[in-house]
Every structure is written in C-alpha cells, then in structure tokens.
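> After the sequence you'll find the predicted model.
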Amino acid sequence: MSDIKKTKDLRGMSESDLKERVDELAAEAMKLRFQQATMQMTHTARPTQVRHEVARIKTILAERSRQGVEA
C-alpha cells in the first residue's frame with residue numbers, strides 16, 4: 001500500500017499524474033471494500049485515508065480547471 005501524499009506534493013504533480021493517482025486510489029478503495037466485507041481488513045483507517053487523498057486530488061484538479069477558465 002502506498003503512503004499518503006501531502007497536498008504540497010500533489011500540487012507539484014502534473015494533471016495526468018493526478019488523474020492516474022485517482023484511478024489507483026479508486027482501485028485500492030474497491031479492494032478495501034471487499035476486505036472489509038469479508039472481515040479480512042487489518043488496517044481499518046486506510047479507507048478513510050484513501051477517501052481523503054482522493055478528495056485532495058479532486059480539489060486540486062478543480063482549482064486548476066477554474067484557473068484555466070478564468071485566465
């Protein structure tokens with residue numbers, strides 16, 4: 001499992017890298033849901049961490065798209 005990226009690190013990534021990261025996290029979230037359903041989850045805080053990182057990335061992408069429209 002990958003480490004949580006800080007917002008500062010995420011802002012340094014390109015848009016395509018951020019979208020790829022969201023896809024990776026979505027796949028991890030799906031895997032975690034299955035683990036939770038089958039009671040095999042060992043790190044119970046990870047689903048929350050994944051959701052928060054996805055939200056951070058989507059916020060950064062939205063900010064960038066708004067800057068593109070305003071400019």
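Good, I have the coordinates.
> Kindly list the longest helix within this protein.
Assignment by DSSP state H gives helix 46-70 as the longest helix of the chain.
> and that helix, what other elements does it pack with?
Packing partners of helix 46-70 (3 or more Cβ pairs under 8 Å, 6 or more residues apart in numbering; DSSP states H and E): helix 7-11, helix 15-37. Using the backbone N, CA and C atoms, a C-beta is placed for each residue, glycine as well.
> Deepest in the core, which of those is it.
Of all those, helix 15-37 has the most neighbours on average by mean count of other Cβ atoms under 10 Å, namely a mean of 13.
> For the most centrally placed residue in the chain, give me its contacts.
Centroid-nearest residue in the chain, with Cα atoms, centre = their mean: Val54, separated by 2.7 Å. The neighbourhood of Val54, defined by Cβ atoms under 8 Å, 6 or more residues apart in numbering, consists of 22, 25-26, 29.
> so can I have JSON lines of these showing pLDDT and distance to Met41?
What follows is the contacts of Val54, written out as JSON lines (pLDDT from 0 to 100; distance: Cβ to Cβ, whole Å):
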{"residue": "Val22", "pLDDT": "97", "distance to Met41": "22"}
{"residue": "Leu25", "pLDDT": "97", "distance to Met41": "16"}
{"residue": "Ala26", "pLDDT": "97", "distance to Met41": "17"}
{"residue": "Ala29", "pLDDT": "96", "distance to Met41": "12"}
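> Thanks a lot, catch you later.
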